[in-house]
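A.B. asks: please work out how this folds:
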Amino acid sequence: MTLQEAIDSFLSDLRRRGYSARTVEAYAFDLQKLSESLSEFENSTVGSIPIEKVDVGMLRRWADNCLTKGNSARTLSRKMATCKSLFKYLEKEEIIEENPTSRVTLPKIRKKPPSALSQDEIRQLLAAPRSDDPNYLRDRAILMLLYSSGLRVSELVSLKMENILLDRQMIRVHGKGSKDRLLPMTEASRTLLLDYFLVREKESPKTTTPKSPAFITEKGTPMTVRMIQYMVEKYGIEAGISLHVHPHLIRHSIATHLIEEGCDVEAVRQTLGHESLATTSIYIKASSKYLTSEHKKFNPADKLSSR
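C.D. replies: Residues are numbered from 1 along each chain as shown. Below you'll find the model as predicted:
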């Protein structure tokens with residue numbers, strides 16, 4: 001099997017497992033670049049190298065070459081993660097006997113706590129839609145749901161009416177890797193969604209069937225990721241927030257605020273739909289209460305001061 005055949009098989013497997021088109025495209029992009037680099041080393045046609053010929057030395061040379069070309073440690077780490085996923089798949093399918101990526105080490109990356117809006121800024125953002133706007137009810141409901149439930153924008157646009165369980169005050173979310181999770185709905189979210197759905201049912205009853213999108217345009221078509229991104233950015237500007245406001249920033253914000261309010265990290269992990277608790281734990285370090293607590297525990301200034 002050639003490297004290109006191996007890549008094609010791997011990408012087909014990702015599609016079968018329910019990975020989004022965007023994720024598959026990202027994997028394909030990184031693997032194409034890997035294939036091009038390895039072909040340069042071997043003076044061969046792109047993708048024609050036999051998969052068993054790709055060894056540790058070749059991958060280390062590729063990693064060094066990435067850094068030489070100006071890739072950051074973070075970018076290289078992402079590319080290597082893609083490469084590791086490919087070879088783990090090949091090993092699992094018994095296409096290769098030994099995984100060459102298991103012996104390739106990379107420089108460690110310091111994870112920065114993600115940016116987050118303050119609770120006051122979130123209040124300003126939620127108040128930004130104007131009551132004279134025809135999309136006022138919809139936009140308020142979207143902003144509140146993004147914040148209160150920590151939804152990814154892709155999860156929000158994929159919501160159907162049947163996923164909004166107003167009577168149980170729950171939302172059924174179709175997340176990454178085709179994994180569903182059931183999230184509690186805040187009273188504020190329920191009220192805003194109910195206001196939006198009641199007016200919509202009155203004005204356009206055909207758009208409120210169980211399989212209808214939860215959020216639609218004025219023409220009755222489903223909202224897209226880009227529409228939501230544009231909408232959030234617009235309201236961030238109108239609210240006078242200095243940061244560039246986008247849906248993922250709102251997601252970071254609710255995670256940070258939940259931690260600050262004393263929410264258990266595991267509950268935050270389940271809310272956000274993270275695979276690993278380690279991913280969620282970075283929000284602890286983004287919390288101002290965490291910093292205050294750590295200072296109180298370890299800062300020696302009070303002991304050293306004389307009165």
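A.B. asks: what mean pLDDT does the longest helix along the chain have?
C.D. replies: Assignment by DSSP state H gives helix 21-42 as the longest helix of the chain. Averaging pLDDT along helix 21-42 gives 88.
A.B. asks: what ranges does this structure have for its helices?
C.D. replies: Here the chain has its helices, by DSSP H, at 3-16, 21-42, 56-68, 73-92, 119-126, 136-149, 153-157, 187-203, 225-238, 247-260, 265-272, 277-286, 288-298, 301-304.
A.B. asks: can you mark which positions in the third one are buried?
C.D. replies: Applying a neighbour-count criterion of 16 or more other Cβ atoms under 10 Å, one finds 58-59, 62-63, 66 buried in helix 56-68. No exception for glycine: its C-beta is placed from N, CA and C like everyone else's.
A.B. asks: could these be laid out in TSV, adding pLDDT and distance to residue 207?
C.D. replies: TSV is the format used below for the buried residues of helix 56-68 (pLDDT from 0 to 100; distance: Cβ to Cβ, whole Å):
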residue	pLDDT	distance to residue 207
58	87	55
59	87	52
62	87	51
63	85	51
66	84	49
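A.B. asks: quick revisit: out of the helices of the chain, flag the one nearest residue 100.
C.D. replies: Closest of the helices of the chain to residue 100 is helix 56-68, at 4.8 Å (criterion: Cβ to Cβ).
A.B. asks: residues contacting the residue nearest to residue 195 when sequence neighbours are not counted?
C.D. replies: Once flanking residues are discounted, residue 195 sits nearest to residue 137: 5.3 Å by Cβ to Cβ, 6 or more residues apart in numbering. When contacts are counted by Cβ atoms under 8 Å, 6 or more residues apart in numbering, residue 137 touches 192, 195-196, 199.
A.B. asks: could I have the buried ones of these as PyMOL selection syntax?
C.D. replies: Provided next is the PyMOL selection string for whichever of the contacts of residue 137 are buried by 16+ other Cβ under 10 Å:
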select buried, resi 192+196
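A.B. asks: and the contacts of residue 137, which two are furthest apart?
C.D. replies: 192 and 199 (11.4 Å).
A.B. asks: how far away is residue 48 from residue 42?
C.D. replies: Distance of residue 48 to residue 42, given as Cβ to Cβ, to the nearest Å: 9 Å.
A.B. asks: and what of residue 55?
C.D. replies: Residue 55 is 12 Å from residue 42, by Cβ to Cβ.
A.B. asks: what's opposite the closest residue to residue 48 other than its chain neighbours in the beta bridge?
C.D. replies: Nearest non-adjacent residue to residue 48, counting by Cβ to Cβ, 6+ apart: residue 2, 5.5 Å away. Applying DSSP bridges to residue 2 yields these beta-bridge partners: residue 50.
A.B. asks: what residue ranges in the stretch 1-150 of the chain score low on pLDDT?
C.D. replies: For the stretch 1-150 of the chain, the stretches flagged by pLDDT under 70 are 106-114.
A.B. asks: let's see that with 80 instead.
C.D. replies: The stretch 1-150 of the chain contains residues with pLDDT under 80 at 42, 47, 72-74, 104-114.
A.B. asks: sorry, back to before: save the buried residues of helix 56-68 as a markdown table, and put in distance to residue 262 too.
C.D. replies: A markdown table is the format used below for the buried residues of helix 56-68 (distance: Cβ to Cβ, whole Å):
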| residue | distance to residue 262 |
| --- | --- |
| 58 | 50 |
| 59 | 45 |
| 62 | 46 |
| 63 | 42 |
| 66 | 42 |
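A.B. asks: out of the residues you listed, which comes closest to residue 94?
C.D. replies: Closest to residue 94 out of those is residue 59 (20.2 Å), distances taken as Cβ to Cβ.
A.B. asks: where does the residue lying closest to residue 36 once chain neighbours are set aside fall, phi/psi-wise?
C.D. replies: The shortest distance from residue 36 to any non-neighbouring residue, by Cβ to Cβ, 6+ apart, is to residue 46 (5.4 Å). Per-residue torsions, residue 46: phi -60, psi 130 (degrees, to the nearest 10).
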